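A.B. asks: requesting a structural model of the entry that follows:
(2 chains)
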Amino acid sequence: MNEESTQTHPDELLPWYVNGSLDEDERARVEAHLAGCERCRTEVEYLSSLREQVRADEVAAPGELGLRRLRRDIRAERSRQSGGAARRHWWTPALAAAAVLVITIQGVMLMNMPPEPVVGIQPLGADYEGVVVQVRFHPTATEARIREALQSVNGVIVDGPGALGIYRIRLVGVDKARPEAVSAAIERLRARSEVVAHVAGE
Amino acid sequence: MSRAVTPAEGEGGPALDALLAAIADGSERALEDFYRASHARIYAFALKRLGDPVAAAEVLNEVMLEIWRHAARFEGRSRVMTWVLGIAHHKVLDLMRRRGRDAAHEAIDDSLADEDTPTSFAVLAGADDAVAVRRCLEGLSDAHRAVVHLAFFEDASYAEIADIVACPLGTVKTRMMHAKNALKRCLESLGAGN
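C.D. replies: Presented below is the predicted three-dimensional model:
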């Protein structure tokens, strides 16, 4: 039996000394011990070899094949969620139509998003686009605050969120030919700085 | 198509963080980049435990789907790969259960009294032998193999391992002690047999 108690050997820490993950105190303690303990130096040698062999074991990962499988599953999940709808943004034509109708209702904005896609309604005029700005909202902004911000400028969501969370907002009733009206609307959105992270004209 | 993985390659800490944020924003492109940067390590972890390439590929796919659905859940309290391997750990256990393998039963080894095993010359020689080490690793229980893989393939700290396999720090250290002693006994017996 050893005269030394096993408690004096930092056995528990040696594997993590070998992989370099000990904090400074622990590492210093182990190194101080190793300087005077052959038993533990041998142990470190053993653990280092073990680590080398574990790392050298080649693994043939699925690579691009696995990526194809992943893409397929994501597509399947997406089409399940949208109920197999062919269009990515089912509400766009419906909202555009609603926006056009609402202009005539005393200029008061009623954001009424239909629960079902309204098939067959086309926006007025093939290239009716009006004034569109790009907005990114703060991740913590509530729906109520977003709604209020958009209503303050008679804004309608026509597209988005894209990969970066950018929405395209049509400023209903704002004339493209009146840049000061456009700037005023942008400034009004910017003023809601806790809701609107970024806004810019297109 | 398939590729050998270098341990902890492409860690790119900040890169994975940024990709995860983009994935949370819905970027499929970011998910693909994330896959390329991390899939080999996720796969290696699953394969070492399940021993079956098909099962490991299934775990990899499920982990990536989980990342796709729940990237926003990452709170930044650990490294990205620690979080990802934690997900992989759960998926491995799920798969083992589905296939009728009871990981809890396998972990009974932990409670066996374990004497400190001396590191003889045979042990040192065996530790240099890739085939011997691989064979002896396969003889370990899943719980022990997991700790050894995370410590030496991933170079994870004992705290990170505790996070990944959701067990106390003390248990991680105990498992490693048992594992390295069991490996010594196995390498010793293989050496004696030569």
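A.B. asks: and for residue A:152, the neighbour number?
C.D. replies: 14 (other Cβ atoms under 10 Å in any protein chain shown). Bear in mind the C-beta positions are built from the backbone N, C-alpha and C, glycine included.
A.B. asks: wait, I meant residue B:100
C.D. replies: 6.
A.B. asks: before we move on, what about residue B:84?
C.D. replies: 24.
A.B. asks: go ahead and confirm it touches residue B:63.
C.D. replies: Yes - counting by Cβ atoms under 8 Å, residue B:84 touches residue B:63, with 6.6 Å between them.
A.B. asks: which residues do the two both contact?
C.D. replies: By Cβ atoms under 8 Å, 6 or more residues apart in numbering or on different chains, residue B:84 and residue B:63 have these common neighbours: residue B:42.
A.B. asks: in stretch A:26-43, what's buried?
C.D. replies: A:26, A:30, A:33, A:34, A:37, A:39, A:40, A:42, A:43 (16 or more other Cβ atoms under 10 Å in any protein chain shown).
A.B. asks: chain B: which of those is nearest?
C.D. replies: Chain B has its nearest neighbour among the buried residues of stretch A:26-43 in residue A:42, at 4.9 Å by Cβ to the nearest Cβ.
A.B. asks: so the closest one touches residue B:119, yeah?
C.D. replies: Yes - with contact defined as Cβ under 8 Å, residue A:42 reaches residue B:119; the gap is 4.9 Å.
A.B. asks: which SSE is immediately downstream of the one helix or strand in chain B whose mean pLDDT sits lowest?
C.D. replies: Sorted by mean pLDDT, DSSP states H and E, the helices and strands of chain B end with strand B:3-4, the least confident at a mean of 50. Sequence order places helix B:13-24 as the next helix or strand after strand B:3-4, per DSSP states H and E.
A.B. asks: contact partners of that following helix?
C.D. replies: Against helix B:13-24 from outside (Cβ under 8 Å, 6+ apart): A:163-164, B:29-31, B:33-34, B:37-38, B:67-68, B:71-72, B:74, B:76, B:79-81.
A.B. asks: so which residues of the chain form helices?
C.D. replies: Chain wasn't specified; assuming chain A. Here chain A has its helices, by DSSP state H, at A:14-18, A:24-34, A:38-56, A:63-81, A:91-103, A:143-151, A:179-191.
A.B. asks: sorry, I should have been clearer: chain B.
C.D. replies: Per DSSP H, chain B carries helices over the ranges B:13-24, B:28-50, B:53-70, B:80-98, B:103-106, B:121-127, B:130-138, B:142-152, B:158-165, B:169-193.
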